[in-house]
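A.B. asks: coords below, sequence missing:
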């Protein structure tokens, strides 16, 4: 029941002056502490935070935004459907790490799923209205001009992965997708496999393009001719991996290995191989990419290319914070990957 309904006055919110008085510091010092300014002693900082907790003080964010021109919020934008967003362990791990970095910096994370044109239009209006200070964008597809529109509206952007198409000048952090795919394919060839297929990722994404290029590079280095019947493009999902593996088996029943461009695709491939009566790794060896937690729990455990998902996300987030603060952005970072050998190959 509300205070109005009971006839009792609503409790008065504590003021900054009361926090300062309880902490034994000036109002200006209390304000600097709560704005996370650097020029405050550790002792004063501890006293102010203790006083704020004791009084249950919450800063007036709207008033602070008028003074600083900042919302203290960062958007996490996912260019995928809601179904895939909340079922993909890679996306959730990137989100979790970004949240941790922003929470440490005292910023709020706003999650937006923007797979439709109307979603993107609505978000551009929201961001351009000053509701977020910057945006992290993951799983970008080639058709999407969202990063450019945000930058033109004065909203700094950092991408996960090299931007496909005309993305020159955009800030991004990536992993060595080409090198990782080459490593995975070379491992299969080096183990004696000769008919190596691939379940490639979407070719409107740089990650899909680079992992397919790495597969082809490893074949060329081993003197193995490329064969279009050994390539199936699929979305980064278990269901699409299953369908792609089924199609590959129909086209080339003699295949003895497959490199999948994601662990989810590889998990679908494992299911399709079991359905077809093929033993893994005796009949067909399987390698994935990502090393999500579920990879080690497959039957058999999945050999995969491990990418540093948490480092990717935290590097992206810190780069965006630098851009928001007006610091000179660093060149794009390309993070290393490594092969984790388990039972599937």
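C.D. replies: Cool, the structure landed. Please read these numbers as outputs of a predicted model, since none were measured by experiment.
A.B. asks: show me where the stretch 101-250 of the chain has helices.
C.D. replies: Assigned by DSSP state H, counting those that start in this stretch, the helices in the stretch 101-250 of the chain fall at 117-126, 146-152, 177-190, 206-221, 238-251.
A.B. asks: Could I get the contacting residues of residue 322?
C.D. replies: With contact set as CB atoms under 8 Å, 6 or more residues apart in numbering, residue 322 has these partners: 328-330. Backbone N, C-alpha and C define where each C-beta goes, glycine included.
A.B. asks: Could you do residue 119 as well?
C.D. replies: Residue 119 sits next to 112-113 when contact means CB under 8 Å, 6+ apart.
A.B. asks: Where does the prediction get shaky in the stretch 1-150 of the chain?
C.D. replies: Filtered on pLDDT under 70, the stretch 1-150 of the chain yields the residue ranges 1-12, 35-38, 58-71, 143.
A.B. asks: quick one, strands of it?
C.D. replies: 73-78, 108-113, 134-138 (DSSP state E, counting those that start in this stretch).
A.B. asks: Setting the sequence-adjacent residues aside, check what's closest to residue 32.
C.D. replies: If the residues on either side of it in the chain are set aside, residue 32 comes closest to residue 40, at 5.1 Å by CB to CB, 6 or more residues apart in numbering.
A.B. asks: Hmm, I typed the wrong one, I wanted residue 18.
C.D. replies: Nearest to residue 18 is residue 55, by CB to CB, 6+ apart, at 6.1 Å.
A.B. asks: how far away is that neighbour from residue 21?
C.D. replies: Residue 55 sits 10 Å away from residue 21, going by CB to CB, to the nearest Å.
A.B. asks: Residue 47 too?
C.D. replies: Look at residue 47 and residue 21: by CB to CB, they are 11 Å apart.
A.B. asks: Just want to know which of these two has more residues nearby.
C.D. replies: Per other CB atoms under 10 Å, whichever of residue 47 and residue 21 has more neighbours is residue 47, with 20 against 15.
A.B. asks: What degree of burial does the spatially closest residue to that one that is not a sequence neighbour show, as a neighbour count?
C.D. replies: Nearest in space to residue 47, with sequence neighbours left out and distances taken as CB to CB, 6+ apart, is residue 23 at 4.1 Å. Residue 23: 22 surrounding residues under other CB under 10 Å.
A.B. asks: wait, what's in contact with the residue nearest in space to the middle of the chain?
C.D. replies: What sits nearest the mean C-alpha location of the chain, by CA atoms, centre = their mean, is residue 94, with 3.6 Å. Going by CB under 8 Å, 6+ apart, residue 94 touches 138, 160, 309, 312-313.
A.B. asks: Now with 10 Å, please.
C.D. replies: 76, 78, 88, 136, 138-139, 160, 309-310, 312-314, 316-317 (CB atoms under 10 Å, 6 or more residues apart in numbering).
A.B. asks: and if you look at residue 27?
C.D. replies: Counting by CB under 10 Å, 6+ apart, residue 27 makes contact with 15-21.
A.B. asks: so how far is residue 216 from it?
C.D. replies: Distance of residue 27 to residue 216, computed by CB to CB: 65 Å.
A.B. asks: again, but for residue 56
C.D. replies: Residue 56 is 61 Å from residue 216, by CB to CB.
A.B. asks: And for residue 74?
C.D. replies: 37 Å.
A.B. asks: Compare the two (neighbour count), which wins?
C.D. replies: Remark: of residue 74 and residue 216, residue 74 carries more neighbours, 25 against 19, as counted by other CB under 10 Å.
A.B. asks: so that one sits right up against residue 106, yeah?
C.D. replies: No. Using CB atoms under 10 Å, residue 74 is not in contact with residue 106, being 11.2 Å away.
A.B. asks: So for residue 47 and residue 21, which residues contact both of them?
C.D. replies: Counting by CB under 10 Å, 6+ apart, the contacts common to residue 47 and residue 21 are residue 30.
A.B. asks: residue contacts, the residue nearest to residue 18?
C.D. replies: Shown in contact with residue 55 (CB under 10 Å, 6+ apart): 13-15, 18-19, 21-23.
A.B. asks: Neighbour count says what about those? Which are buried?
C.D. replies: For the contacts of residue 55, a burial check counting by 16 or more other CB atoms under 10 Å picks out 14, 18-19, 22-23.
A.B. asks: export these to CSV and tack on distance to residue 114?
C.D. replies: CSV is the format used below for the buried ones among the contacts of residue 55 (distance: CB to CB, whole Å):
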residue, distance to residue 114
14, 38
18, 42
19, 39
22, 44
23, 43
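A.B. asks: Helices - which of those land there?
C.D. replies: Of the positions in these, 18-19, 22-23 sit in helices, assigned by DSSP state H.
A.B. asks: do you know how far residue 284 is from residue 215?
C.D. replies: 16 Å.
A.B. asks: nope, residue 141 is what I meant
C.D. replies: Residue 141 sits 21 Å away from residue 215, going by CB to CB.
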